[in-house]
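Q: Below are the sequence and a predicted model; questions follow.
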Amino acid sequence: MNPLRAKVVPDLRALDRYPWTGHSALLGTVARPWQSTRDILTQFGASVARARRAYRAFVAAGVPLGHRPEFQGGGLVRSCGGWAAVAALRRGREAFLSDERILGSSEFVEAARKPLMATTPPSGLRRPLVEIVAQVRKATGCSPAALRHGSRVARVARAREGIACLALEGKGYAGRVVAGLLGVGLPSIYKAAQRGRAASDGWNALRYR
């Protein structure tokens, strides 16, 4: 919808043939063999032709809805319905459920994340979280007490970022599990994971152990 709402294209028919979004590939109006379209189209119909018609109708129905704040910004911003709602949150609401990977309200995020909330990983599939923490602590020289008390000392912040990055993005642990272990809120743990990813060169040596 972005080219249409930004008036880069005049209408939906022009968007259908606009080459710089995935929409035209989903409709088959622009050849883009490297773009995977099957997973999306199968949500709309059993045959390609039927799926494309239903998908096109779905997009058309969204045109008059205009700007959707619940689909904009970071996970917490989207879950709250926009920046204004986030600004209105009272101090101490850090546990308001959000997830960078999921679009939708806090209730929807919670429902989508429930299957991922198990604290004990299946045997042999993931490295134990305590092992990740131990390796990051060793690499940073950070004590367990410092990690648990939300210290902003550079060494502790780096350790928290490393743990969040390796556990969430490297091994697929649920954010709530890691947040509980480190004694911080969910938004804080996701931000820490993002910062850890930005500095991922420093954690690559630990990522695959």
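A: In hand now; what should we look at?
Q: Break this structure down into its structural domains.
A: As recorded under automatic domain parsing, the domains making up the chain are 2-65, 69-116, 129-207.
Q: Where among those domains is average confidence lowest?
A: Lowest mean pLDDT within the domains of the chain: domain 69-116, a mean of 55.
Q: what's in contact with the helix ranked longest in the chain?
A: Counting residues, the longest helix in the chain under DSSP state H turns out to be helix 48-62. The contact list for helix 48-62 (Cβ atoms under 8 Å, 6 or more residues apart in numbering) reads 1, 12, 16, 23, 26-28, 40-45. Yep, even glycine has a C-beta here, placed from its N, CA and C like the rest.
Q: 7 Å instead?
A: Residues from elsewhere that reach helix 48-62 (Cβ atoms under 7 Å, 6 or more residues apart in numbering): 1, 12, 23, 26, 27, 28, 41, 42, 44, 45.
Q: Check the gap between the second one and residue 53 for me.
A: Yep, that's residue 12 we're talking about. 14 Å (Cβ to Cβ, to the nearest Å).
Q: Please apply the same query to the first one.
A: Here the criterion is Cβ to Cβ. By it, residue 1 lies 19 Å from residue 53.
Q: do the last one as well
A: Note on residue 45: its distance to residue 53, by Cβ to Cβ, is 7 Å.
Q: The third one now?
A: In this view, residue 23 and residue 53 are 14 Å apart by Cβ to Cβ.
Q: Can you pick out the residue with more neighbours from the two?
A: residue 23 (21 against 14; other Cβ atoms under 10 Å).
Q: before we move on, the earlier item: return the member of the contacts of helix 48-62 nearest to residue 180.
A: Distances from residue 180 to those, taken as Cβ to Cβ, are shortest for residue 42 (36.5 Å).
Q: what sits against the closest one?
A: Residue 42 touches residue 51, counting by Cβ under 7 Å, 6+ apart.
Q: try 10 Å this time
A: By Cβ atoms under 10 Å, 6 or more residues apart in numbering, the contact set of residue 42 is 48, 51.
Q: Then residue 147?
A: 133, 136, 137, 140, 156, 159, 160, 163, 181, 182, 183, 184.
Q: Which of the helices or strands spans it?
A: helix 144-148 (DSSP states H and E).
Q: Also residue 134?
A: Per DSSP H and E: helix 129-140 holds residue 134.
Q: and that helix, what does it pack onto?
A: The contact analysis (3 or more Cβ pairs under 10 Å, 6 or more residues apart in numbering; DSSP states H and E) places helix 129-140 against helix 144-148, helix 154-164, helix 175-182, helix 204-207.
Q: Tabulate the CA atom coordinates of the third one in PDB.
A: Looking back up the chat, that one is helix 175-182. Provided in PDB are the C-alpha atoms of helix 175-182 (Å, rounded to 0.1, in the frame of the first residue of the first chain):
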ATOM      1  CA  GLY A 175      11.400 -13.200  25.000                       C
ATOM      2  CA  ARG A 176       9.500 -13.700  28.200                       C
ATOM      3  CA  VAL A 177      11.700 -16.500  29.300                       C
ATOM      4  CA  VAL A 178      14.900 -14.500  28.800                       C
ATOM      5  CA  ALA A 179      13.300 -11.300  30.300                       C
ATOM      6  CA  GLY A 180      12.400 -13.300  33.400                       C
ATOM      7  CA  LEU A 181      15.900 -14.700  33.800                       C
ATOM      8  CA  LEU A 182      17.500 -11.300  33.500                       C
END
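Q: That concludes my questions; thank you for your assistance.
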